[in-house]
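# Give the three-dimensional model of this entry:
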Amino acid sequence: MLGTGNYDVNVIMAALQSRELAAVWWDKRRTVQSLCLSKVQGFILNVPSRVSLGIVSLPLRRRHWLAVRLVNGEYYNLDSKLKNPLCIGGEAELCAFLSEQLCQDVAEMLLVVRQEVEEDGSWLNPDNPQN
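I've put the predicted structure just below:
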């Protein structure tokens, strides 16, 4: 893909499976508050991204994968286009960040969970399964 960062989802899924993890496609009609965050290892988002040639930003948008993960009690945006990981904050800030990303028409999200969590569906909050 010429370094665009929009790699095939099958590559991502195979890499996760090699680590006994699974990817669950998130139905963005649900609210992120319906997630059981303690069961989610991380998030992989596919979002629109600006195209640049050096310091010149082109009027094009391509899709780009980025990851979000909990590290030492704080969630971080691990986007490879950032110079450093960006601290998002706690659960409330994470939910706001994910909601903002998912409101873009073409944005998609995968939940990274352990295989047994995928199988039993426990990534979804049982108190709020419909939203």
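# So, low pLDDT: which residues of the chain?
1-7, 50-61, 128-131 (pLDDT under 70).
# longest single helix anywhere in it?
Selection of the longest helix in the chain by residue count, based on DSSP state H, yields helix 91-102.
# just checking, what packs against that one?
strand 42-53, strand 56-71, strand 74-77, strand 108-114 (3 or more CB pairs under 8 Å, 6 or more residues apart in numbering; DSSP states H and E). Every residue, glycine included, has its C-beta placed from N, CA and C.
# make it 6 Å
Applying 3 or more CB pairs under 6 Å, 6 or more residues apart in numbering; DSSP states H and E, we find helix 91-102 packed against no helix or strand.
# now it, how far from the centre of its chain.
10 Å (CA atoms, centre = their mean, to the nearest Å).
# Flag every buried residue along it.
When neighbours are counted by 16 or more other CB atoms under 10 Å, the buried residues of helix 91-102 are found to be 94-95, 97-98, 101-102.
# Count the residues that sit near the residue lying closest to Asp79 once chain neighbours are set aside.
Closest residue to Asp79 apart from its sequence neighbours, by CB to CB, 6 or more residues apart in numbering: Leu66 at 3.9 Å. By the criterion of other CB atoms under 10 Å, Leu66 has 18 neighbours.
# now swap in Gly121 and tell me
13.
# Next one: it from Val113, what distance?
In this view, Gly121 and Val113 are 10 Å apart by CB to CB, to the nearest Å.
# likewise Arg29?
19 Å.
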